[in-house]
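> Dropping the sequence and predicted coords here.
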Amino acid sequence: MTSPEQDESQNPSSESGEELPGSPESGSTAASRPGAAPQGSPPPEADEPLPPVNGHWHNLFRTITTGNALIAFLAVLLAVAVGSLLILFTDETVRDSSAYFFSRPGDFLSAAWNAISGAYSALFRGSIYNTRATDFETGIRPLTETLKFSGPLIAAGLGVGLAFRAGLFNIGGRGQMLLAGAAAGWVAIDVDLPAPLLLPLAIIAGMVAGALWAGLAGLLKARTGAHEVIVTIMLNYVGYFLVFYALSQQSLLQAPGTVNPKSLPIPKDAQMPRLLGDTYRLHLGFLLALVAVAVVWWILNRSALGYRFRAVGANPHAARTAGIDVGRTYIYAMLIAGALVGLAGTNQVLGTVTSGVAGDLDAGIGFDAITVALLGRSHPLGILGAGLLFGAFKSGGFAMQASEGIPVDIVLVIQSLIVLFIAAPPLIRALFRLPTKEAK
Amino acid sequence: MQLALRGITKRFGSLVANDRISLTVEPGEIHCLLGENGAGKSTLMNVLYGLYQADEGEIALDGEVQHFSGPGDAIAAGIGMVHQHFMLVPVFTVAENVMLGNEATGLGGVLDLDAARARVREISQRFGFNVDPDAVVEDLPVGVQQRVEIIKALSRDARVLVFDEPTAVLTPQETDDLMGTMRQLKEAGTAIVFITHKLREVREVADRITVIRLGRVVGEADPGASNAELASLMVGRPVELTVHKEPPVLGEGALVVSGLTVADATGLVHVDDVSFSIRGGEVLAVAGVQGNGQTELTEALLGLQDHVLGSITLDGQELVGRTVRQILDAGVGFVPEDRQVDGLVGTFTIAENLMLDRSFGPPFVRAGSLQLGRLEAFAQEKLTEYDVRAPGISTHAGNLSGGNQQKVVVARELSKDLRFLVAAQPTRGVDVGSIEFIHKQIVATRDTGIPVLVVSTELDEVVALADRIMVLYRGRIVGIVPADTPREVLGLMMTGERPEGVVA
C-alpha cells in the first residue's frame, strides 16, 4: 500500500491528507489559530515546498536547482574530503608506507599528511597567492588567473541558472558557446570596422548567436512541447558540426591557405583589453561577467519578466491560470540564457584564447556551468561565488599537477562529486545528521 | 469489541498533532470524531491503524493493550479502515480486491477465488449490498467501490471499523445509503468510528460525538446538539453558519453561455452543449458530483481549455477564442478549484502571489520593473482586510493553512476591477471560520451587481450561496432550478434524473 506521504502528494487538495505532517496545512495551524502564540515564531517545516505541482520530478528538479546554501557548502566540503582520499590513493609514498602501517604507523600518517597538505597548499598557491614567489607582483598572479578562468564560468553559470529558475534545464551550453564564439570570431576577423566599434559589435554578435541557438530550443518547447533537455543536447552536436564545417571552409572561417579547422587569430583591435597591464592575463571578460551578475540579479528580483520566469518555474499551472503565457516565457528565458552563455563564448574567443576560433573553444565550460549554477543554487550571487571557486580549481589544478604530481583529474573528480552531492540532498542530510524536512 | 485510546500523544518535530487524546468506542456504537481539517483526526486514526507509532499513550481492545507495528497487526486485531481515497486496485475484480493481502490459496499456491467470491456474496447479502464479486472495480460507481472497501474490512472480521471522511466523494443519495449501512453494522455489534467535519451527517447517525481541535479533545457533544453548538465547539468561537443575503437586485451586466461544448485532446466531450445565462447581481451555483464537467466548464470560461465550441459573452463581449490574459483583463475573477496547483505559487511570498495576474502593467509594474513598495503596501492592506493569519506579507504561501491560502486567492481575485466572478470549490479544505468569511465576500461581490458563478460539490454550500442552481450531470445540464428546491430533488438531479416540472 502507498505510504501516507505518497498518498498526500497525489492528492494535493485531499481533505484527509491535510492532517499529515509535512503538509503546509498542518505546519501552520499555530499561525492560523486565533490568538495564537507569538506571531514571530515560524511554523515548523517552514521551507517545505508545496505538495508537488507537476508530480515528483518537478519537485525534485526544484529541490536540486534551488536547494539551500548549507547543502551546497557541505557538498563542497564532502567533495574535498573524498578528494583527499583519492590523493592518498594516488600518492606513492602513502601507498608504500601503508604496506608497513602496523609496524610504523607514524610513517603512513606523516606521508598522508604531506600528500594532502601538499596538494591543497599547491591548490592555494596556484589559485590565490603564490607563497613561493619573491615579490608581490608574481605572487598575486594566480589570483588574476583564477579571476580570468571564472569570467566565462560565471557568465555561462548565469545562463544555466536563469533557465533553472524558469523551470528549464539548459544543457546546451556547449553548442551555445560554440556558435557565439564563431559569430564573435567572424565579426572580429572579417568585419572591417574602426577599433572602438569592432569589439562591442563582436561581443554583441556572439551574445545574439548564443541567444538564438538557445532560443531555438525554447521555441521548440513552447510550440511543440519538445523537451528542452533533449533539444539542447542535440543542438550541441548540431552546433559543433556547424562550427566545424565553417572552420573547414576557406570561404567561411578557416584561415586562408591552411588545412586545419581553425580561423585566423583575433586581431588586436577586437581583443578584450587586459585589465591590469600585460603582466597579467586578466581581461575585460571578467568585468563583463560581473556586470552580467548585476543584470541577472535585477532581472530575477526586480523585473516583471523575471517575476514571470520565477512564477513559471515554480508553478506553471498557477502562472497559466493567472494569464501568463508559459510558452512565451520559456522562449524569453532561453533567449536570455543563451545570450549569457554566449557571453562566455565571446569571453573565450576574444579574451582568453585569442589564437583563433577552434572547435574546442568551449573548453568544457558549457557543462561546468551546470555545476556552477547548481552550486550557486541558481542565485546570481551564489553563481558568482561558485564561479570563483571553480575558477580557482581550474587555475590551482595545474599547479597541483606541476608541483606535487597529482593528476589534474582529481580536481575534476572533486567538481563531479560536488554535483553528485548537491543532487542528493538526502544523502548530505543523512551524513551530517541535518534534520529532515519530512519531520518524521 | 470495545476500543479504548488512552492518552495518545503524537508529535512531529515541534508540532503536537495529538495531545493526550483519550476516547472509548463501545461495540454497537457509532462514535463521531468531529474536527476541522488539520485538527489531528487523521493522525489519530493513523496511529490506531499502526501507520504511526504514538509517542505516548496506549491502544486497548477489550481492555487488552495492543502494540501495532503496522497496519497488518491492526487488521489482525480486528480493526478495519475505510479510507477517503479507496485503497483498491482498479483493474481487479471485487473478489480479487477483497482477497488482496489475505489470499486464500490451494495446492501449489493457486488462488482460491471461489472462496473469495463466496465471502463477498455472503457479506453482501447480510447487509443488502448487492455487489457482484466478478465486477471490475473501476467500472463501479464510487458509492459501490466504497462498499467494496467495507466488504474488504468485514471479510477480515473487523470488529472496529473506522470511516475516514467517507462522504466526501458521495452523492447525497449515496451518503444516505452509507448512513443506512453504518446503522446496520452498528446493529450487528461493530464499533464504528466516523471521522468527518460535516455537521449534518454527525447529527444523523452519531451516538456519541467527540470534538477535536488543534490536536486536543475539546469536549463531548450530544447528538441532539444544534449545528451552531457543534460548529462553535469545533472552531472555538461562535460561528455563523447561515449566509445572510438579501434577494438579488438584478443588474445590467450579464454572462451568456450558449451551446458551449468542451472536449479534451483525445476528443472526449466533458461539457456537452451547455447554455445558460447569469444576470448581474445574481449567483448561479453549479451543483453536481465531482467529475461531471464542472472543472472543464470553469476552465473554459477562463480560456484555459483548448477545444471549445459555442459562445461565451460577458456584457456582449465574446470570450471564446481569447487568451487567458485577455479574459482576465476583461474583468473576470477566477478562484480555481485547486488553489495549490492553479491558484498559488507555493514558494512565492503572499505579496508576490497577490500580483500573480498583474505582472504586465500598473499598478505593480512600471517600465518592466516591479514596484515593490506599492506591492508591499497593497499586500499589507489586503492581509488586514481579508484577515489572512500569517506572520507577515513575506511568508511563503505554501506555509499557510488551507483557509488562509484561499483568502489570499480570494483577496487577489476580488481586488481588481471585476465584471464577472467564477469561484470553483471556494471553500474546499478550508476551516469553518474561513468558510464564513469567504462566503460573505462572495455575497458582497454579488451585491456589487456583477454575475457570479459558484461551483461546489457540497450541497450545503450550493444552497447557501445560490440564487439559482444549475445541476450538471455528465457534462449536460439536468436543470436550472430555484435556490429553495428541496435537497432530495437536487440529490436526484445530481444522479441525472430530471424530476417533473423541471426544464433544462
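Good, I have the coordinates.

> leaving aside the residues next to it on the chain, what's closest to the closest residue to chain A within the stretch 151-300 of chain B?
For the stretch 151-300 of chain B, the residue closest to chain A is residue B:165, as judged by C-beta to the nearest C-beta, at 5.0 Å. Using the backbone N, CA and C atoms, a C-beta is placed for each residue, glycine as well. Excluding its sequence neighbours, the residue lying closest to residue B:165 (C-beta to C-beta, 6 or more residues apart in numbering or on different chains) is residue B:84, at 4.3 Å.

> Doesn't that neighbour lie inside a helix?
No. Remark: residue B:84 does not belong to a helix; assigned using DSSP: H, G, I helix; E, B strand; the rest coil, it is coil.

> count of neighbours near it?
20 (other C-beta atoms under 10 Å in any protein chain shown).

> Tell me where the model's unsure across the chain.
Just so you know, I chose chain A. A:1-57, A:63, A:425-426, A:434-440 (pLDDT under 70).

> that answer is for a different chain, and I need it for chain B
Ranges of chain B meeting pLDDT under 70: B:241, B:501-504.

> Just want the residue of it that's nearest chain A.
residue B:346 (3.0 Å).

> What's the separation between that residue and residue A:429?
21 Å (C-beta to C-beta, to the nearest Å).

> If you count surrounding residues, which of these two has more?
Higher neighbour count among residue B:346 and residue A:429: residue B:346, with 25 against 17, using other C-beta under 10 Å.

> these two touch, right, the more buried one and residue B:400?
No. Residue B:346 is not in contact with residue B:400 according to C-beta atoms under 8 Å; the separation is 9.2 Å.

> Can you classify residue 272 as helix, strand or coil?
All of this is about chain A. Recorded secondary structure, residue A:272: coil (three-state DSSP).

> should've been chain B
strand.

> Please name the nearest non-neighbouring residue to it.
Nearest non-adjacent residue to residue B:272 (C-beta to C-beta, 6+ apart): residue B:475, at 4.1 Å.

> cool, and residue B:115?
residue B:104 (4.9 Å).

> show me what contacts that neighbour?
When contacts are counted by C-beta atoms under 8 Å, 6 or more residues apart in numbering or on different chains, residue B:104 touches B:111, B:112, B:115, B:116.

> Repeat that for residue B:200.
B:227, B:460 are the contacts of residue B:200 under C-beta under 8 Å, 6+ apart.

> so it sits in a helix?
Yes. Under three-state DSSP, residue B:200 sits within a helix.

> before we move on, back to that, give the helix, strand or coil label for the residue of chain B closest to chain A.
Three-state assignment for residue B:346 (three-state DSSP): coil.

> Also the one 5 residues further on?
On the three-state scheme (three-state DSSP), residue B:351 is labelled helix.

> And for residue B:421?
Under three-state DSSP, residue B:421 comes out as strand.

> Around it, how many other residues sit close by?
The burial count for residue B:421: 27, using other C-beta under 10 Å.

> show me what contacts it?
Counting by C-beta under 8 Å, 6+ apart, residue B:421 makes contact with B:332, B:333, B:334, B:335, B:413, B:414, B:442, B:445, B:450, B:451, B:452, B:453.

> In strands, which of these fall?
Using DSSP state E, B:332, B:333, B:334, B:335, B:452, B:453 are the members of the contacts of residue B:421 that sit in strands.

> can you pull the contacts of residue A:308?
Contact analysis of residue A:308 by C-beta under 8 Å, 6+ apart lists A:319, A:324, A:329, B:359.

> Report how many residues lie close to residue 376.
No chain in the question, so chain A it is. 26.

> wait, chain B
Applying other C-beta under 10 Å, we find 13 residues neighbouring residue B:376.

> How far off centre is the one helix or strand it maps to?
Assigned by DSSP states H and E, residue B:376 falls within helix B:372-385. Computed by C-alpha atoms, centre = their mean, to the nearest Å, the chain-centroid distance of helix B:372-385 equals 31 Å.

> and it, what does it pack onto?
helix B:350-354, helix B:402-414 (3 or more C-beta pairs under 8 Å, 6 or more residues apart in numbering or on different chains; DSSP states H and E).

> chain center to stretch B:132-145, what's the gap?
22 Å.

> same thing with stretch B:170-190?
For stretch B:170-190, the distance to the chain centre is 20 Å (C-alpha atoms, centre = their mean).

> Could you do stretch B:126-134 as well?
Counting by C-alpha atoms, centre = their mean, stretch B:126-134 comes out at 27 Å from the chain centroid.

> Tell me how many other residues surround residue A:191.
13.

> Assess the claim that it and residue A:204 are in contact.
No. Using C-beta under 8 Å, residue A:191 is not in contact with residue A:204, being 11.7 Å away.

> Do a quick rundown of the helices in the stretch 251-400 of chain A.
A:284-302, A:304-314, A:316-321, A:326-346, A:365-375, A:380-404 (DSSP state H, counting those that start in this stretch).

> On the C-terminal side of the last one, identify the next helix or strand.
Past helix A:380-404, heading to the C-terminal end, the next element that is a helix or strand (DSSP H and E) is helix A:409-423.

> what helices or strands is that following helix leaning on?
Going by 3+ C-beta pairs under 8 Å, 6+ apart, helix A:409-423 lies up against helix A:69-90, helix A:365-375, helix A:380-404.

> before we move on, the earlier item: nearest to residue B:427, of the contacts of residue A:308?
Using C-beta to C-beta, residue A:319 is the member of these that lies nearest residue B:427, at 24.2 Å.

> what sits against residue B:213?
Contacts of residue B:213 by C-beta under 8 Å, 6+ apart are B:35, B:36, B:39, B:233, B:234, B:235, B:236.

> Then residue A:145?
If you count contacts by C-beta under 8 Å, 6+ apart, then residue A:145 has A:126, A:127, A:281, A:282, A:395 around it.

> and the fourth one, how many neighbours does it have?
I take that to be residue A:282. Residue A:282 has 24 nearby residues by other C-beta under 10 Å.

> roughly how far apart are it and chain B?
33 Å (C-beta to the nearest C-beta, to the nearest Å).
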